[in-house]
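J.: A predicted structure for the sequence below; I have some questions about it.
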Amino acid sequence: MERSRPLARRPLVTLLTVAALAASGMTALSSAARAADADLARNGGFESGLDGWACTAGTTVTSPVRSGTSALKATPAGADNARCAQTVTVKPDSQYTLTGYVRGTYVYLGASGTGTTDVSTWAQSAPDWQRLTTTFRTGPSTTRVTVYTHGWYGTGAYHADDISLTGPGGETGQPPAPPAGLTAGSVTSSSVALSWSPVPGATGYAVYRDGTKVRTVTGTSTTVTGLAPSTAYAFQVAAVNDAGESARSATVTATTAGQPDGGGADLPAHALVGYLHASFANGSGYTRLADVPDSWDVIDLAFGEPTSVTSGDIRFERCPVTECPNVESDAEFKAAIEAKQAAGKKVLISIGGQNGQVQLTTTAARDKFVSSVSAIIDEYGLDGLDIDFEGHSLSLNADDTDFKNPRTPVIVNLISALKTLKARYGDDFVLTMAPETFFVQLGYQYYGTGKWGGQDPRAGAYLPVIHALRDDLTLLHVQDYNSGPIMGLDDRYHSMGGADFHIAMTDMLLTGFPVAGDAGNVFPPLRPDQVAIGMPASTNAGNGYVSPAEVNKALNCLTEKTDCGSYATHGTWPALRGLMTWSINWDRYSNWEFQKNFDAYFG
């Protein structure tokens, strides 16, 4: 076997010189590389809220944070992994390092659209901040890469902070020109419609109200909501692309309309609403309308029902003598309605209920709904209409994802029918709604079938109806009963049985909430005078009964911010309209416990 050949000896000074030159060259190269690299992630520390990020179920919090004052908190759900992402401009055929810090269970950090191999890394369990990092190289023609973080379905909230993407920056060009032609369109008491001309090279538009950015949109029109009645606002728009924002457009001013009362101007400041079993009897017994005490300010006659699910033909059949031996005659019933109205009470026909499924799938059904409901109102001289659609009456088609612009026929036709009825009877027409929590507050987590499908299409399906009619709506009294657990704005689930549930559910209506966790798609708050809390009158009336003491705790918290328990409300609403109950009959059966407590509380 041949021995290894020894290295040739060199003078020590030569070796030192070579080493020094090599070190100098390495330093020069690494300095040049560092100079070329930059952190390309925008708002990676979430110090500017979610600016730059698109999140399905995310928000920013002040604790816990790894650095600075804010961090991301995102809450996955059963069909949503709470993905937050942003698209970054990069250079082709270049090396990048993606880094971030996370807390939680099953938290992912990754990059897609790299043009080579998309990458991700994850922490299975991170009770404290844990660093995640991965690298990738862009493809020969890749100029944009999406970086993201997400959790795992139904595993609870995760946190992320200090996300960075280090590498050479791409060519971003110049910001676009400012938009021209900004115009204010239709105006309501709470909204202003805006439109403007498209700008070449713009990828989106930032909308400003009184100098503050309120939203970013991709099209050339939007409706700014959540405005105060009879108030002047100044609007501007800026065009946006990867290089940044343009200068703002010329200012357009618009003044919102006066506050509508939805037919409730002559209701008392705090009203008691109840359903009267007018077409059937059950274990509570039949109660004549004339025997309803004066404490009840709004009486909903239950129920008008359709001849078939899709006919739109609503009929109101009074309880027959065989079922209700003490039922009054038609003449006595109509006289009782007139007497209630003379005393300042409102008597409405309630459409739907548990057995009255109504699906206005066609315009013919819509028109029949209008004519048949009008016939009932006219025959009995009623003050208006209550919509109590339950079960499968309302659901959203798979392509219907924006509650502000609904596309599903049963939704669109119902909105059209109610607007027609309102226009026919005028400003004094009373319109109320009694949806279940599944159709309203559940919309905070889920809306329809969801972006990836698989969800219940009824989730949040009342939201487009409420939103479209918010200026015509007298009262919304969601049924806070017969409900499963619902997530509140504190991202915790709340269940029936105490004041906490009513506080959390009502706070959502009065505060507003992002629909399906989308911070860019917020259901605006209702006025407090439009909101009453729906409760069962007794244990016999439905699941979710609470004692008078718990009722009062809920009212104290919402109107005075006392007795709030574990849920922190987002405001105080002394103008909260009041309470609704199912039902007047069941309250009479329970010796008027619900009514007596209302009278004692509000005096």
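T.: Here it is on my side, so go on. Numbers count the residues shown, from 1 in each chain.
J.: low pLDDT regions in the stretch 301-450 of the chain?
T.: Along the stretch 301-450 of the chain, segments meeting pLDDT under 70 are nowhere present.
J.: can you map out the strands along it?
T.: For the stretch 301-450 of the chain, applying DSSP state E, counting those that start in this stretch gives strands covering 314-315, 346-353, 384-389, 430-433.
J.: in TSV: those strands, plus distance to residue 457.
T.: Just so you know, the C-beta spots here come from the backbone N, C-alpha and C atoms, and that holds for glycine as well. Listed next are the strands of the stretch 301-450 of the chain as TSV, based on distance: least, CB to CB, whole Å:
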stretch	distance to residue 457
strand 314-315	24
strand 346-353	18
strand 384-389	14
strand 430-433	19
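J.: where does the stretch 51-200 of the chain dip in pLDDT?
T.: 78-79, 172.
J.: for residue 542, find the nearest of the strands of the stretch 301-450 of the chain.
T.: Evaluated over the strands of the stretch 301-450 of the chain, closeness to residue 542 peaks at strand 346-353, with 12.4 Å, by CB to CB.
J.: would a markdown table of the strands of the stretch 301-450 of the chain with mean neighbour count and distance to residue 150 be doable?
T.: Listed next are the strands of the stretch 301-450 of the chain as a markdown table, based on neighbours: other CB atoms under 10 Å; distance: least, CB to CB, whole Å:
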| stretch | mean neighbour count | distance to residue 150 |
| --- | --- | --- |
| strand 314-315 | 20 | 46 |
| strand 346-353 | 24 | 39 |
| strand 384-389 | 26 | 35 |
| strand 430-433 | 24 | 36 |
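J.: of those strands, which approaches residue 303 most closely?
T.: Closest to residue 303 of the strands of the stretch 301-450 of the chain, according to CB to CB: strand 346-353, at 4.0 Å.
J.: the closest one: how far from the chain's middle?
T.: In terms of CA atoms, centre = their mean, to the nearest Å, the centre of strand 346-353 is found 27 Å from the chain centre.
J.: from here on, count from 5
T.: OK, 5 is where the count begins now, so the last one is strand 350-357.
J.: tilt between it and strand 388-393?
T.: Using axes from the mean of the first three to the mean of the last three CA atoms, to 10 degrees, the direction of strand 350-357 lies 20 degrees away from that of strand 388-393.
J.: in its sheet, what does strand 350-357 sit against?
T.: Using DSSP bridges, strand 350-357 pairs in its sheet with strand 302-310 (parallel), strand 388-393 (parallel).
J.: just the CA trace of the last one, in CSV.
T.: In this case it means strand 388-393. The C-alpha trace of strand 388-393 is given here as CSV (Å, rounded to 0.1, in the frame of the first residue of the first chain):
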residue,chain,number,x,y,z
GLY,A,388,-97.0,45.5,10.6
LEU,A,389,-95.1,42.2,10.2
ASP,A,390,-92.8,40.0,12.1
ILE,A,391,-90.5,37.6,10.2
ASP,A,392,-89.9,34.4,12.3
PHE,A,393,-88.3,32.2,9.6
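J.: neighbours of residue 106, how many?
T.: Residues within reach of residue 106, counting by other CB atoms under 10 Å, total 27.
J.: doesn't residue 133 make contact with it?
T.: Yes: the pair residue 106 / residue 133 is scored as a contact, 7.3 Å apart, by CB atoms under 8 Å.
J.: spit out the residues that contact the two alike.
T.: residue 165 (CB atoms under 8 Å, 6 or more residues apart in numbering).
J.: quick one: closest of the strands of the stretch 305-454 of the chain to residue 330.
T.: When those are compared (using CB to CB), the closest one is strand 350-357, at 19.4 Å.
J.: who's residue 436 bridged to?
T.: Judged by DSSP bridges, the bridge partners of residue 436 are residue 390, residue 479.
J.: pretty sure it contacts residue 303?
T.: No: under the criterion of CB under 8 Å, residue 436 makes no contact with residue 303, lying 11.1 Å away.
J.: between the two, which contacts overlap?
T.: Counting by CB under 8 Å, 6+ apart, the common neighbours of residue 436 and residue 303 are residue 352.
J.: residue 511 falls within a helix, correct?
T.: Yes: Residue 511 sits within a helix when classified using DSSP: H, G, I helix; E, B strand; the rest coil.
J.: now the spatially most central residue of the chain: phi and psi?
T.: Taking CA atoms, centre = their mean as the criterion, residue 519 is the residue nearest the geometric centre of the chain, at 2.8 Å. Backbone torsions for residue 519, taken as degrees, to the nearest 10, come to phi -80, psi 130.
J.: is it correct that residue 508 is in contact with residue 489?
T.: No: if you go by CB under 8 Å, residue 508 and residue 489 don't touch, sitting 10.5 Å apart.
J.: common neighbours of those two, please.
T.: Joint contacts of residue 508 and residue 489 (CB under 8 Å, 6+ apart) are residue 498.
J.: which of these two has more neighbours?
T.: Neighbours were counted for residue 508 and for residue 489 using other CB under 10 Å; residue 508 has more, 27 against 12.
J.: can you tell me what sits against the host helix or strand of the more buried one?
T.: Following DSSP states H and E, one finds residue 508 within helix 503-515. For helix 503-515, contacts defined as CB under 8 Å, 6+ apart pick out 441, 444-445, 448, 480, 482, 484, 487, 490, 492-494, 498-499, 529-530, 532, 535, 537, 539, 548, 550, 554-555, 557-558, 561-562, 567-571, 573-575, 577, 580.
J.: list only buried entries from the residues you listed.
T.: Buried by 16 or more other CB atoms under 10 Å: 441, 444-445, 448, 480, 482, 484, 487, 490, 492-493, 498, 529-530, 532, 535, 537, 539, 548, 550, 554-555, 557-558, 561-562, 567-568, 571, 573, 577, 580, out of those.
J.: what's residue 364 in contact with, if anything?
T.: 314, 316, 370, 373, 413-414, 417-418, 421.
J.: widest-spaced pair of those residues?
T.: 314 and 421 (13.7 Å).
J.: between the two, who's got more neighbours?
T.: residue 421 (23 against 16).
J.: got a list of what the more buried one touches?
T.: Applying CB under 8 Å, 6+ apart to residue 421 gives the contacts 364, 370-371, 373-374, 377.
J.: for residue 59, which non-adjacent residue is spatially closest?
T.: Nearest non-adjacent residue to residue 59, counting by CB to CB, 6 or more residues apart in numbering: residue 88, 4.0 Å away.
J.: helices along this protein, start to end?
T.: Shown for the chain, the helices assigned by DSSP state H span residues 16-40, 334-346, 367-384, 413-429, 467-472, 503-515, 552-564, 588-593, 597-606.
J.: which stretch among these comes nearest residue 326?
T.: Closest approach to residue 326 among these is made by helix 334-346 (16.3 Å; CB to CB).
J.: hmm, who's touching that closest one?
T.: 292-294, 296, 303, 322, 332, 351, 384-387.
J.: so how do I select the buried members of the residues you listed in PyMOL?
T.: This is the PyMOL syntax for the buried subset of these, where burial follows 16+ other CB under 10 Å:
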select buried, resi 293+296+303+322+332+351+384+386+387
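J.: CSV please, covering the contacts of helix 334-346 and showing distance to residue 606.
T.: Below are those laid out as CSV (distance: CB to CB, whole Å):
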residue, distance to residue 606
292, 26
293, 23
294, 24
296, 18
303, 18
322, 32
332, 30
351, 21
384, 29
385, 28
386, 26
387, 22
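J.: just the closest of the contacts of helix 334-346 to residue 169, please.
T.: Using CB to CB, residue 387 comes nearest to residue 169 of the contacts of helix 334-346, at 61.1 Å.
J.: give the contact list for the nearest residue to the closest one once chain neighbours are set aside.
T.: Once flanking residues are discounted, residue 387 sits nearest to residue 350: 4.4 Å by CB to CB, 6+ apart. Shown in contact with residue 350 (CB under 8 Å, 6+ apart): 271, 301-303, 387-388, 434.
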